[in-house]
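**Q** Need a 3D model of the following:
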Amino acid sequence: AGLPKEARYADDLRFRWTVHAEEELTEMRKEVRNIFIALREMGMQANPDKSTFLISIRGHQAKEWTKRWIRKDSKGSRHFHFGSDKAERVPVAEQFLYLGAMLSYRGFEVATVRHRIGVAAGHRERLRKILHARRVLSVGHRLRLWKIMAQTSQLYAIEAVGLTAEASKLLHVQTMRHLRAIFGSARHVDGDSDQLFMIKHGIPDCVELVRHRCDTLCKRLRQDIDLPCFDAPSILQWATKVRDALPAPYIAKARTQTPVVTPEAAVTSASQPAIQQGAPSPPPQGTQDADVEATSMFIKEIMVLMAFLCAGDPEAYAKSLSQPAVLPDVQRPEVLSVLRERGWEALLEQRDLCVDLKQRCALRYQWMPSKSIRKHLRDMHSDQFLPHEQDLLKQEEDLWGDLLPSVGGAAALAKAAQLLATEAEDMDVDRKTGKRPRIPSNNALGSQDKNQKAQGKGRGKGRGKKDAVSMEVQEAVQLMAAVTLQLVDQANRVQLDTSFQMTMKNEAGPENMLPIMYKVWAQWKKIQNEEPSKLDKPLRCSMMVALLMEIKARAQKLLQDEQQQERMKKLEWVDADGRWVYRKWCPKQEDLYLDQMRKPVPQARFIEQIDAAMELLVRPENTPRFQSTRELTPEMKGFAVSFHVDIGLRKEAEPLFQIFTDWVDLQAWVIGAIRIRPHRLKRSPAADRLSQWLGSRNGGR
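**A** From the prediction side, this is the model:
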């Protein structure tokens with residue numbers, strides 16, 4: 001191996017070995033040990049744990065050597081043992097951050113870019129309020145601030161490491177995300193591609209910026225600098241290779257709108273004369289809606305042409321015309337093939353397509369809010385899309401059709417015919433023997449056990465009076481249990497439309513609401529005994545109003561505290577705009593996940609909902625029940641306490657029911673350590689025990 005190549009700095013050392021045989025690996029191990037010995041002899045406190053060892057070797061002998069000298073500790077971390085002592089070891093890593101770049105033998109370009117992207121994202125997050133303050137600073141000031149603080153960190157050390165196509169895409173995506181937020185130019189709203197956006201605002205591509213930095217580095221290295229520790233020729237050679245290997249600028253997928261072409265429009269287009277290529281075509285003649293849409297497309301093409309011409313790049317415009325337009329999703333060949341082979345349900349496996357169809361029309365590729373997509377398809381494309389209501393029972397028929405003789409099709413009908421033939425044969429046998437066919441016993445509650453024998457002749461001994469009475473009581477108890485379970489199930493079904501469950505955590509902290517609930521309960525009881533004339537509302541309404549008043553006060557304080565607002569954003573209770581989000585419980589992951597199907601609630605709107613709910617709670621008939629499942633005490637035990645909340649069935653209580661529905665899984669209630677969820681169709685523990693007892697008495701039926 002020879003002497004290692006080393007680079008010495010003021011506070012660290014870097015060594016590199018290139019080996020080709022097992023003997024050289026052994027020599028390298030000895031040299032590592034000698035390095036630490038020499039450092040200790042010079043009076044330095046060399047700590048191997050603060051060093052990092054990067055290794056990349058291949059071959060059979062390399063694997064054997066790795067198994068012998070690279071081992072894992074109790075925590076699963078790998079270490080290179082270079083000496084006989086157990087403490088003589090160096091941690092082994094796949095990559096190592098050094099001077100702002102990632103050192104690694106595998107994909108160091110992408111690893112470095114990912115690290116720089118994270119650093120730039122941190123700087124941008126700290127300046128996010130300033131960069132998005134459109135009424136405070138101009139766009140030019142905010143753009144210069146982003147270039148100084150974020151882009152310099154993003155492109156730092158890239159000219160020394162290099163750039164790949166994947167890395168250039170990552171840089172392009174982050175740059176467009178930051179700049180579109182600064183300029184307020186969303187791609188799905190204005191329809192501008194990334195290239196058009198950069199041309200409009202004079203923003204160079206990330207690859208061009210890296211190439212410029214490489215040229216600056218090479219120019220500086222070509223100057224006559226005679227320094228003993230500066231290997232300019234080798235560094236210049238590496239910088240030249242990095243510059244020559246830079247990829248082409250990343251071009252995002254084109255997302256131009258393509259209007260729907262009807263047969264009449266196709267005939268009209270074919271009858272028109274050819275138009276000179278290289279200039280926008282005039283709008284076609286047709287209906288009023290078609291004229292408006294075609295005119296807007298024509299004006300947009302004119303604006304694009306002017307932007308390219310002002311930038312002095314007409315070839316780029318011609319290139320943009322030559323790019324094929326993106327077809328609507330239902331006209332793409334791969335989508336059509338999947339539809340013909342496997343049906344519509346197969347499209348659910350393509351996640352990118354499902355996300356795209358949530359906010360884009362599949363026929364016109366027009367963007368719209370997710371809540372308006374169904375209305376748009378129903379109003380504009382009712383002929384192409386059949387209403388979903390026409391096929392509501394198809395899934396149920398697929399699941400249970402085989403179990404129903406009249407619905408299951410040929411297989412079920414054949415099985416039913418076979419059963420009828422078997423019964424007919426049994427009837428023929430009974431006619432030949434002259435005996436009455438036996439009917440299997442399907443007795444009701446309290447019948448005789450199947451295993452009990454009833455053989456012998458004679459009248460037998462009659463039952464005593466006491467046994468007859470006990471049999472009647474047992475049968476009555478079983479019937480009462482069955483009727484009780486039916487009433488419990490019916491009550492659960494009714495509570496689906498009226499009831500909610502409010503769970504309060506019982507943990508030490510200022511957000512705990514259980515002590516407050518106990519104080520309100522005790523005070524209400526005291527006033528009831530001493531001065532009952534002061535009470536004009538029942539206990540349930542008073543406790544509910546007190547709870548909402550406390551939550552409202554906390555929400556108002558949080559709304560005025562900027563530090564708490566930033567803290568809530570880090571905890572993901574609110575989104576970037578400060579709105580309360582919805583988070584649902586995932587049983588598999590045992591964690592809460594963001595519910596993107598529900599629109600976040602602004603904090604001011606949540607306070608207005610509390611005011612509206614308190615006004616409705618003044619009338620006791622709107623809330624028939626607000627009751628805890630356990631008795632309230634000064635020091636509650638257990639992890640949580642549940643409260644049942646019932647909403648009245650009158651018309652006046654409908655707004656209150658809608659408010660509680662909006663509060664289900666809303667993160668605003670974490671300020672009181674509370675979670676609200678709707679009533680579930682589940683029996684109580686007492687009803688479950690009664691059902692198990694009744695099932696055991698009936699032989700498991």
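**Q** how is the chain carved up into domains?
**A** 5-93, 102-224+231-244, 329-387, 497-680 (automatic domain parsing).
**Q** Select from the ones you listed the stretch with the lowest mean pLDDT.
**A** Of all the domains of the chain, mean pLDDT reaches its minimum on domain 329-387 (a mean of 71).
**Q** ok so, going back, can the domains of the chain go into TSV with extra columns for mean neighbour count?
**A** C-beta coordinates here come from the backbone N, C-alpha and C atoms, glycine included. Converted to TSV, the domains of the chain look like this (neighbours: other Cβ atoms under 10 Å):
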stretch	mean neighbour count
domain 5-93	13
domain 102-224+231-244	16
domain 329-387	13
domain 497-680	15
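**Q** got a list of what the residue nearest the centre of the chain touches?
**A** Centrality entry for the chain: nearest residue to the mean C-alpha point is Leu594, 5.8 Å, by Cα atoms, centre = their mean. With contact taken as Cβ atoms under 8 Å, 6 or more residues apart in numbering, Leu594 is in contact with 572, 581-583.
**Q** how does it look with 7 Å?
**A** Applying Cβ atoms under 7 Å, 6 or more residues apart in numbering, we find Leu594 in contact with 581, 583.
**Q** One more: Asp662?
**A** 601, 609.
**Q** hang on, the earlier thing: ok, the residue nearest to the centre of the chain to Val574 distance?
**A** For Leu594, the distance to Val574 equals 11 Å [Cβ to Cβ, to the nearest Å].
**Q** and what of Thr112?
**A** Distance, Thr112 to Val574, using Cβ to Cβ: 34 Å.
**Q** now do Gly100
**A** In terms of Cβ to Cβ, Gly100 sits 33 Å off from Val574.
**Q** How far away from the center of its chain is the helix or strand harbouring Pro655?
**A** Under the criterion of DSSP states H and E, Pro655 resides in helix 654-663. Put simply, helix 654-663 sits 26 Å off its chain's centre (Cα atoms, centre = their mean, to the nearest Å).
**Q** do the same with stretch 128-141
**A** Distance, stretch centre to chain centre, for stretch 128-141: 30 Å (Cα atoms, centre = their mean).
**Q** just the CA coordinates of it, formatted as CSV?
**A** Presented in CSV, the C-alpha positions along stretch 128-141 are these (Å, rounded to 0.1, in the frame of the first residue of the first chain):
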residue,chain,number,x,y,z
ARG,A,128,-40.5,32.2,5.7
LYS,A,129,-42.6,35.1,7.2
ILE,A,130,-40.3,37.7,5.7
LEU,A,131,-40.0,36.0,2.3
HIS,A,132,-43.8,35.7,2.0
ALA,A,133,-44.5,39.2,3.4
ARG,A,134,-45.9,40.7,0.1
ARG,A,135,-47.2,43.9,1.7
VAL,A,136,-43.9,44.6,3.5
LEU,A,137,-41.1,44.0,1.0
SER,A,138,-41.1,44.1,-2.8
VAL,A,139,-40.5,40.9,-4.8
GLY,A,140,-37.0,42.0,-5.7
HIS,A,141,-36.0,42.5,-2.1
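**Q** ok, the closest residue to Lys30 other than its chain neighbours - contacts?
**A** Using Cβ to Cβ, 6 or more residues apart in numbering and skipping the chain neighbours, the partner closest in space to Lys30 is Phe82 (8.0 Å). Residues in contact with Phe82 (Cβ under 7 Å, 6+ apart) are 29, 32-33, 88-90.
**Q** let's see it at 10 Å
**A** Shown in contact with Phe82 (Cβ atoms under 10 Å, 6 or more residues apart in numbering): 28-36, 48, 53, 69, 88-90.
**Q** That one and Arg14: what is the separation?
**A** According to Cβ to Cβ, Phe82 stands 16 Å off from Arg14.
**Q** got the domains of the chain as JSON lines, with distance to Leu485 columns?
**A** Formatted as JSON lines, the domains of the chain follow (distance: least, Cβ to Cβ, whole Å):
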{"stretch": "domain 5-93", "distance to Leu485": "54"}
{"stretch": "domain 102-224+231-244", "distance to Leu485": "54"}
{"stretch": "domain 329-387", "distance to Leu485": "38"}
{"stretch": "domain 497-680", "distance to Leu485": "17"}
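**Q** Mind checking the ones you listed for the one nearest to Trp693?
**A** Judged by Cβ to Cβ, the one of those that comes nearest to Trp693 is domain 497-680, at 22.7 Å.
**Q** That closest one: end-to-end distance?
**A** Using Cα to Cα, to the nearest Å, the end-to-end distance of domain 497-680 comes to 10 Å.
**Q** chain center to it, what's the gap?
**A** 26 Å.
**Q** now swap in stretch 18-28 and tell me
**A** On Cα atoms, centre = their mean, the centre of stretch 18-28 falls 49 Å from that of its chain.
**Q** And the contacts of Phe82, which is closest to Gly76?
**A** Looking across the contacts of Phe82 and measuring by Cβ to Cβ, the closest to Gly76 is Arg89, at 14.6 Å.
**Q** need the next SSE after the lengthiest helix in the chain, C-terminal direction.
**A** In the chain, assigned by DSSP state H, the helix with the most residues is helix 465-495. Downstream of helix 465-495, the first helix or strand assigned by DSSP H and E is strand 499-505.
**Q** what helices or strands is that next one leaning on?
**A** Using 3 or more Cβ pairs under 10 Å, 6 or more residues apart in numbering; DSSP states H and E, the elements in contact with strand 499-505 are helix 465-495, helix 514-530, helix 539-560, strand 625-628, strand 640-646, helix 654-663, strand 674-678.
**Q** Any chance of the ones you listed in CSV with distance to Ile130 as columns?
**A** What follows is those, written out as CSV (distance: least, Cβ to Cβ, whole Å):
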stretch, distance to Ile130
helix 465-495, 51
helix 514-530, 40
helix 539-560, 21
strand 625-628, 46
strand 640-646, 42
helix 654-663, 34
strand 674-678, 36
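**Q** closest one to Leu143 among those?
**A** When the helices and strands packed on strand 499-505 are ranked by proximity to Leu143 (Cβ to Cβ), helix 539-560 comes first, at 31.4 Å.
**Q** what angle separates the closest one from helix 514-530?
**A** Between the axes of helix 539-560 and helix 514-530, defined by axes from the mean of the first three to the mean of the last three Cα atoms, to 10 degrees, the angle is 140 degrees.
**Q** Between strand 640-646 and helix 539-560, find me the angle.
**A** 110 degrees.
**Q** Now the element after helix 539-560, going C-ward?
**A** helix 562-570.
**Q** Give me the three-state assignment for Leu217.
**A** Following DSSP: H, G, I helix; E, B strand; the rest coil, the label given to Leu217 is helix.
**Q** measure it to Leu571 for me?
**A** On the measure of Cβ to Cβ, Leu217 and Leu571 end up 43 Å apart.
**Q** Kindly report the same for Arg114.
**A** Counting by Cβ to Cβ - Arg114 and Leu571 are separated by 25 Å.
**Q** Cys206 now?
**A** In terms of Cβ to Cβ, Cys206 sits 33 Å off from Leu571.
**Q** Look up how far Glu472 lies from Gln478.
**A** 11 Å.
**Q** no, scratch that, I was asking about Leu559
**A** Separation of Leu559 from Glu472 (Cβ to Cβ): 68 Å.
**Q** Also Pro600?
**A** As judged by Cβ to Cβ, Pro600 and Glu472 stand 62 Å apart.
**Q** Likewise for Val581?
**A** Noted for Val581: a distance of 60 Å to Glu472, by Cβ to Cβ.
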